[in-house]
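Colleague: got a sequence here, can you build the structure:
(2 chains)
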Amino acid sequence: MSTRLGSASAIALVLAASISVAVLARPTARQNEKAVSIPTAGSVSRPAITKEVVERGRYLIISHDCNGCHGGADPSSKGWLAGVSGPQDEFLIGPCYVTPGATPCFRTRPRNLTPDNMTGLGRFTERQIFNALRYGLRPEDTPDVEITSTTPGKGNFPLHPHYLAPPMPWPAWRHMPDSDLVAIAAYLKRGLKPVRNKVPDSEGPPDFWASAYTVEKIGSYPSPAFPTANEVGTMEAKRP
Amino acid sequence: MGRASVLRLLVVAFLTINTRVPRSWRHPPPPSPIEDESNELAAPPTLQNASRSPHVVEVSITAAPAQLAIVPGKTTSALAYNGRIPGPTLDVHEGDSVIVHFTNQLSEPTTVHWHGLHIPATQDGSPFEPVMPGERHDYVFRIAPGTAGTYWYHPHPDRRSGYQVAMGLFGGIIVRPARDPVPAPIQEKLLILSDNRFRPDGTIDFADSGSMAAIVDAENGREGDILFVNGQHTPSLSIRAGEVQRWRIVNASAARIYRLSVDGATLFRVGSDGGLFEHPEKVSEVVLANSDRVELLVRGDAAPGTRTALRALPYDRYDPHTRPTDWNRPLDLLSLTYSNAAPAAPVAIPSTLRPVAWLDTSRIAEHRVVVFTQGMINGKHMDMNRVDFTGRVGTTEIWEIENLVGMDHPFHLHGFRFQVLDRNGEPELVPRWEDTIDVPPHESVRIVVRFDDFAGKWMFHCHILDHEDMGMMGVLLLE
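Modeller: Predicted coordinates for the structure are as follows:
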């Protein structure tokens, strides 16, 4: 899709048309790692942040199309990851896109990811950004602590979690390995210049989407061990 | 953006359609409005001075449960200072020595915090100095010279300030200079603004623990739908056409921010938290954040026999997740009733009130950054056993208060008045004394403060009481 206006509209449109879909899409492709380690809450392995790590973060951001919502066509673009520049970049969440006035209807806005102190991620730590990507927790509502549980009220997981607004796809991307999420946070904090762009806060339900992001709706983290009943554990190719 | 990405995104986004958004998360409908046509605004009584010595003010305050008639036909269980809401006014002069014999007849610890007064840390009524149930405690302090202004007192115990204030514990303080620059013929009115909400049986309504309303209260701070001035709902205040009155206004609400305007009157803002400005400023409206004070000279410009109102205009202080649906409804605070008397002779508004100089910023001992996020300061919740900043008596510091979230947070520093240097880099042109300053979403304010005296532990916090109670507070240790 050529413009961000186009993608936002398409999302909102299809969103409204696909009311019956209830399953969360899984990541379409794993990175081609030699061994996929199953990550667990709490035991975050943090590589030393080198230029390679920051560039890995950059690659992950480009390949995961973060800019599709957060701004810019490529890292040389104006407004790269600097958040919405106007109403055309906002998302309408809910059936109101098709039926004006229908509820619930929330306007959500991709935020400024550059390290600007007041309007971006400048005052948040890489650990808070990691916790946002891994657990979907809004950095401004979540203490800067290591989280060791996914149960509200335990292991520093907030009792009343405030989640990032949709359509931020953290329920899928949280399954990326620690090192990838660490690399993304490192790129955002160290590899980008701050851009001052004040994005108004997203709207949402007063529970900050807590009733939307339940295990029943977004699956468990970490994901169930392979193979589940739906999967084949033997590695033989099936004949037609 | 690839089509697949769009589809993947939309599925995630779709989740939200299944979100059950409770419709009834807002407050229950209020009982019928408390209106009384003969409801003339009354000033709270002044605390009686038991001392005969000059420059000594000795008063007694008791915090105790009270059964009060607030909702028509009902009795409301409240907490009150000396049996009334607001409590009686502490009316003192600069240089006075004040002794307050305080008795806690509540069933829980409390304190009396003398909001804005420059007094020793041990007398500040901070959470470090609780008065236990049934105990008496004497607060003893001297009113600092040059601090004439409007202040207030309220409880400040650990984690219970919001509850105790909501139950009715707050009162006004007026500090007078030896010679008041506002001419005596100008009548003075103290207006203490508060809000509350009630259940149909007349009891004060607190959200049930774990309910959506409780989450909203925690987020917004607990707001009431019924507004009070000096404990009266939409009282009337008489004014004569052409008359000038001096209004000292205190925002004693836990969370509501008032954007004040008066139809048919000319407003001159003459003072803020720490007293009078050097020069009056003509204004059309004033935003009064939690625990802020303003002094206005109000000139009644409407015709004799008419009626206008002091109104709270809509002010969007809210996070968009929990913004009340009726936030943009203007509310009347009091009705301004013009007498039938012919217009009064014009009153001169003094052009100079008192000198206010900038603090000396040539030697700054520390620059500190205070970052407000939701419920936290610098990423941490309050810990009574932790010291967040350590400073030195006799130094001057610059603090930058940054608000990173999508709602207003008013910053309050105990014990020391300060001056705002700039907002978002835009310099303030006139020095004013403040002890509370509102920081709107994604804005920053730089203040300068002189720690001229009073070593000890001092609190700084968001003055939305629910946020303060949840730990949006820090400790400054002065050595």
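
Colleague: in the stretch 1-150 of chain B, which spans are helices?
Modeller: When assigned using DSSP state H, counting those that start in this stretch, the helices of the stretch 1-150 of chain B occupy the ranges B:3-14.

Colleague: what sits against the residue in chain A that chain B sits nearest to?
Modeller: The nearest approach of chain A to chain B comes at A:Asp201, 2.9 Å away (Cβ to the nearest Cβ). In short, each C-beta sits where N, CA and C put it, glycine included. If you count contacts by Cβ atoms under 8 Å, 6 or more residues apart in numbering or on different chains, A:Asp201 has them with A:Arg109, B:Asp319, B:Pro320, B:His321, B:Val405, B:Gly406, B:Met407, B:Pro441.

Colleague: same question for B:Phe141.
Modeller: B:Ser97, B:Val98, B:Trp114, B:Leu117, B:Ile119, B:Pro120, B:Gln123.

Colleague: just give the nearest non-adjacent residue to it, would you?
Modeller: Using Cβ to Cβ, 6 or more residues apart in numbering or on different chains and skipping residues adjacent in sequence, the residue nearest B:Phe141 is B:Ile119, 3.7 Å away.

Colleague: count the residues that sit near the one you found.
Modeller: B:Ile119 has 22 neighbours, counted by other Cβ atoms under 10 Å in any protein chain shown.

Colleague: ok so, going back, JSON lines please, covering the contacts of B:Phe141 and showing pLDDT.
Modeller: Output for the contacts of B:Phe141, formatted as JSON lines (pLDDT from 0 to 100):
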{"residue": "B:Ser97", "pLDDT": "98"}
{"residue": "B:Val98", "pLDDT": "98"}
{"residue": "B:Trp114", "pLDDT": "98"}
{"residue": "B:Leu117", "pLDDT": "98"}
{"residue": "B:Ile119", "pLDDT": "98"}
{"residue": "B:Pro120", "pLDDT": "98"}
{"residue": "B:Gln123", "pLDDT": "98"}
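
Colleague: for these, which one is nearest B:Leu429?
Modeller: For those, the residue nearest B:Leu429 by Cβ to Cβ is B:Leu117; the value is 27.4 Å.

Colleague: what's around that closest one, how many residues?
Modeller: 27.

Colleague: if I look at it, how far off is chain A?
Modeller: 33 Å (Cβ to the nearest Cβ, to the nearest Å).

Colleague: pull the most distant pair out of the contacts of A:Asp201.
Modeller: Maximum pairwise distance in these, criterion Cβ to Cβ, is 15.4 Å, between A:Arg109 and B:Met407.

Colleague: list the contacts of B:Ser351.
Modeller: B:Ser351 is in contact with B:His279, B:Pro280, counting by Cβ under 8 Å, 6+ apart.

Colleague: inside strands: which ones of the contacts of A:Asp201?
Modeller: Among those, no member falls in strands (DSSP state E).

Colleague: relative to B:Ala43, which of those is nearest.
Modeller: B:Met407 (33.4 Å).

Colleague: excluding its backbone neighbours, what's nearest that closest one?
Modeller: Per Cβ to Cβ, 6+ apart, closest to B:Met407 is B:Asp319, 4.3 Å.

Colleague: which residue is nearest the middle of chain B?
Modeller: In chain B, the residue lying closest to the centroid (Cα atoms, centre = their mean) is B:Ser291, at 1.3 Å.

Colleague: how much space between B:Arg136 and B:Leu169?
Modeller: 17 Å (Cβ to Cβ, to the nearest Å).

Colleague: what does B:Leu191 give?
Modeller: 18 Å.

Colleague: who wins for most neighbours among the contacts of B:Phe141?
Modeller: B:Leu117 (27 neighbours).

Colleague: circling back: who has more neighbours out of B:Arg136 and B:Leu169?
Modeller: Each of B:Arg136 and B:Leu169 has its neighbours counted (other Cβ under 10 Å); B:Leu169 has more, 26 against 12.

Colleague: where does the more buried one land on pLDDT?
Modeller: We have a pLDDT of 98 for B:Leu169.

Colleague: my guess is it meets B:His154, correct?
Modeller: Yes - between B:Leu169 and B:His154 there is a contact at 6.1 Å, judged by Cβ atoms under 8 Å.

Colleague: what about the strands in chain A?
Modeller: For chain A, the strands defined by DSSP E occupy A:91-93, A:106-108.

Colleague: on that earlier part again, what sits against the residue nearest to B:Phe141?
Modeller: B:Ile119 touches B:Phe141, B:Arg142, B:Ala144, B:Gly415, B:Phe454, counting by Cβ under 8 Å, 6+ apart.

Colleague: and those residues as a markdown table, adding pLDDT?
Modeller: Listed next are those as a markdown table, based on pLDDT from 0 to 100:
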| residue | pLDDT |
| --- | --- |
| B:Phe141 | 98 |
| B:Arg142 | 98 |
| B:Ala144 | 98 |
| B:Gly415 | 98 |
| B:Phe454 | 98 |
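
Colleague: list the buried ones in stretch A:209-222?
Modeller: If you call a residue buried by 16 or more other Cβ atoms under 10 Å in any protein chain shown, then stretch A:209-222 has these buried ones: A:Trp209, A:Ala210, A:Ser211, A:Ala212, A:Tyr213, A:Lys217, A:Ile218, A:Gly219, A:Tyr221.

Colleague: quick check: the two most widely separated of those residues?
Modeller: A:Ser211 and A:Tyr221 (17.5 Å).

Colleague: would you map the strands across the stretch 301-450 of chain B?
Modeller: Secondary structure of the stretch 301-450 of chain B (DSSP state E, counting those that start in this stretch): strands at B:307-313, B:331-338, B:366-373, B:376-377, B:389-391, B:395-403, B:409-413, B:418-423, B:426-427, B:436-439, B:444-451.

Colleague: can you list those strands in CSV and add mean neighbour count, mean pLDDT and distance to A:Ile129?
Modeller: Below are the strands of the stretch 301-450 of chain B laid out as CSV (neighbours: other Cβ atoms under 10 Å in any protein chain shown; pLDDT from 0 to 100; distance: least, Cβ to Cβ, whole Å):
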stretch, mean neighbour count, mean pLDDT, distance to A:Ile129
strand B:307-313, 19, 97, 38
strand B:331-338, 20, 96, 41
strand B:366-373, 19, 98, 14
strand B:376-377, 24, 96, 16
strand B:389-391, 16, 98, 26
strand B:395-403, 20, 98, 18
strand B:409-413, 25, 98, 22
strand B:418-423, 19, 98, 28
strand B:426-427, 8, 98, 30
strand B:436-439, 22, 98, 23
strand B:444-451, 21, 98, 21
